[in-house]
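# A structural model of the following input is requested.
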Amino acid sequence: MPTQPIPHELPDASRPTHFLGAGGIGMSGLAELLHHLGYRVSGSDQAPGGQLDRLAELNIPVWVGHGSAPLEQAGAVVYSSAVRPDNPVWAQVQRLGLPRYHRSQVLGALTRRWATLAVAGTHGKTTSSAWLAGVLRRGGINPNALVGGVVRQFQGRNLLVGDTSAQGVLVAEADESDGSFVNMSPQGVLLTNLEEDHLDHHGTLAELKAAFRAFLERIPPGGLLVYGWDDPGAREAAAGCKAGKLSYGLGPKADVRAQVLSMAPGRMEVRLDTPWGPLTVVSPLGGEQNAQNMAGVAATALGWTRRAPTLTWGSGGENLGGLAQALGEFSGVDRRQQFLGTWRGLHLFDDYAHHPTEVRVTLEGFLRMYGSPLTVVFQPHLYSRTQHFAQEFAQALAPAQHVFVTDVYGAREAPVPGIDARTILDHLPHHPSAHRLAHWRDLLTLAQNGSLPTAHATGLLVTMGAGDIWKLGPELMGTAP
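Predicted structure coming up:
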């Protein structure tokens, strides 16, 4: 494994810093933020993509492939866990004697530079962190933000560059997948939930919980923890934390409680009961999970207000009407219930859900807002996750009228014999319309042959997963680049 430097420092700004894996959504945002801070940065990745293109537009040198040319000029390298220890690039790094910084160490140094609100949890991190950054900006704080998705209100980027002085504020996702979030030093944490996931790294649920406890211990005395009351894992983790606490959720015991008053396509009305009074929000986002996310963002913003008296959403320091307006202005993140267009009478949506709970609540939301029929094309992400959650995935997919499951998108994992789409479909033996696709492109062939069971239907077709399934919608509509 690459050796680690002292994690409390940023790389030396006098020489270029090279990002290995710069095409990743988190890495590209971090590279761009350092660029705006005056660092000379460069980046490389194994494949071309939109994030590399974005860096190139900023005149940041980028390469496809981890060759030696950019390393020859670098003073340090920043890498993500996606660059595995057996990657040949490490021999070049070793030969040149370059200091190595894990992405989380650089992010951790930034959390000590600015007052930081970190968003953690198994689900909802990206939506909640983007939503929170937008609400803070609307309230008079000019935050910096690093999130794990493309945000429409961030001009199609995954970051905000705000006040970069010592008085600045940072909103950032805290990634539990490899345990590296313990390098962060947040003043406040929004903990959405804590469920079993990423056991390929943590091994057991007990070890995952221990990692979250270690992360929450990073909150200093007088800091803030906002946590999801509806989730048993979040409640358990919060119980041992000594920070000031606020809870949120749909249940009656939450400090900030959300009640969905109405829900229709493109419009959800939510009442939030808070210790400071009630407010009603009209949001373009739908689904009870987004009502929960809204409550978490509101609780964090209100809790932070007590520590930042200049924060305002209108004419008063805690103007709830202004906060309601700010919450309602958020239009979401790409790949989260994203509407793509219409094809053969089907409304096409794309979503990043890749955990059984995410799949279940997302499909429940679509059915509540749009009704039947609903077709889902699900691409499992990681062999280990597919094997561990096969039955739970099947149960989550079962309410859809038509189910297509592709073979596994392995990402960082090598194939596991016998783990494929059938691993999930074997748990749907009585579903009236459940089908295997070796690859999502096979659905294009069915569409061209007129063989899709949904070809004559109206309703929704939802592509879902954390791999490259997002490409299917544009291919169907003929809008792919």
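# Okay, now the unreliable bits of this protein?
1-8, 179, 197-203, 306-318, 454-458, 481 (pLDDT under 70).
# report the longest helix in this structure, please.
As far as residue count goes, and with DSSP state H defining each element, the longest helix of the chain is helix 288-305.
# ok, now which ones touch the closest residue to G75 other than its chain neighbours?
Taking CB to CB, 6 or more residues apart in numbering, and ignoring the residues beside it in sequence, G75 has R15 as its nearest neighbour in space, at 2.6 Å. No exception for glycine: its C-beta is placed from N, CA and C like everyone else's. The neighbourhood of R15, defined by CB atoms under 8 Å, 6 or more residues apart in numbering, consists of R40, A74, G75, A76.
# Neighbours of the first one, how many?
Read that as R40. Counted by other CB atoms under 10 Å, the residues lying close to R40 total 17.
# Isn't it up against P16?
Yes: the pair formed by R40 and P16 meets the contact definition of CB atoms under 8 Å, at 4.3 Å.
# can you list the domains in this protein?
Residue ranges of the domains in the chain are recorded as 17-105, 114-328, 338-477, according to automatic domain parsing.
# Could you save these as JSON lines and add columns showing distance to E9?
Rendered in JSON lines, the data for the domains of the chain read as follows (distance: least, CB to CB, whole Å):
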{"stretch": "domain 17-105", "distance to E9": "8"}
{"stretch": "domain 114-328", "distance to E9": "12"}
{"stretch": "domain 338-477", "distance to E9": "28"}
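# Packed most tightly, which of those domains would that be?
domain 114-328 (a mean of 21; mean count of other CB atoms under 10 Å).
# And the helices in the stretch 151-300 of the chain, which stretches?
Taking DSSP state H, counting those that start in this stretch as the criterion, the stretch 151-300 of the chain contains helices spanning 199-202, 205-216, 232-239, 288-305.
# before we move on, back to that, pull the CA atoms of the longest helix of the chain into PDB?
Output for helix 288-305, consisting of C-alpha atoms alone and laid out as PDB, is shown next (Å, rounded to 0.1, in the frame of the first residue of the first chain):
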ATOM      1  CA  GLU A 288     -40.300  10.700   1.300                       C
ATOM      2  CA  GLN A 289     -36.600  10.300   1.300                       C
ATOM      3  CA  ASN A 290     -36.300  13.800  -0.100                       C
ATOM      4  CA  ALA A 291     -38.700  15.100   2.600                       C
ATOM      5  CA  GLN A 292     -36.300  13.500   5.100                       C
ATOM      6  CA  ASN A 293     -33.300  15.100   3.300                       C
ATOM      7  CA  MET A 294     -35.100  18.400   3.500                       C
ATOM      8  CA  ALA A 295     -35.600  18.100   7.200                       C
ATOM      9  CA  GLY A 296     -31.900  17.200   7.800                       C
ATOM     10  CA  VAL A 297     -30.800  20.200   5.800                       C
ATOM     11  CA  ALA A 298     -33.200  22.500   7.600                       C
ATOM     12  CA  ALA A 299     -32.100  21.200  11.000                       C
ATOM     13  CA  THR A 300     -28.400  21.600  10.100                       C
ATOM     14  CA  ALA A 301     -28.900  25.200   8.800                       C
ATOM     15  CA  LEU A 302     -30.900  26.200  11.900                       C
ATOM     16  CA  GLY A 303     -28.400  24.500  14.200                       C
ATOM     17  CA  TRP A 304     -25.600  26.300  12.500                       C
ATOM     18  CA  THR A 305     -27.400  29.600  12.700                       C
END
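# between the helix or strand following it and helix 288-305, how many degrees?
Tracing the chain past helix 288-305, the next element assigned as helix or strand by DSSP states H and E is helix 320-328. When axes from the mean of the first three to the mean of the last three CA atoms, to 10 degrees is applied, the directions of helix 320-328 and helix 288-305 differ by 130 degrees.
# Which residues outside helix 320-328 are in contact with it?
Residues outside helix 320-328 that contact it (CB under 8 Å, 6+ apart): 131, 134-135, 138-139, 272, 274, 276-284, 294, 297-298, 301-302, 312-316.
# which non-adjacent residue is nearest L346?
For L346, the nearest residue in space outside its immediate sequence neighbours is L461; the separation is 4.4 Å by CB to CB, 6+ apart.
# and that neighbour, what does it touch?
W343, L346, H347, L348, F349, T375, V376, V377, T454.
# Just give me the closest of these to G244.
Here the nearest of the contacts of L461 to G244, counting by CB to CB, is F349; it sits at 38.7 Å.
# ok, so what distance separates V62 from M27?
For V62, the distance to M27 equals 11 Å [CB to CB, to the nearest Å].
# what's the overlap in contacts for these two?
Between them, V62 and M27 have G43 as joint contacts when contacts are counted by CB under 8 Å, 6+ apart.
# Can you name the helix or strand that the residue nearest to the spatial centre of the chain falls in?
For the chain, T126 is the residue whose C-alpha lies nearest the centre (CA atoms, centre = their mean; 3.5 Å). Taking DSSP H and E as the criterion, T126 maps to helix 125-138.
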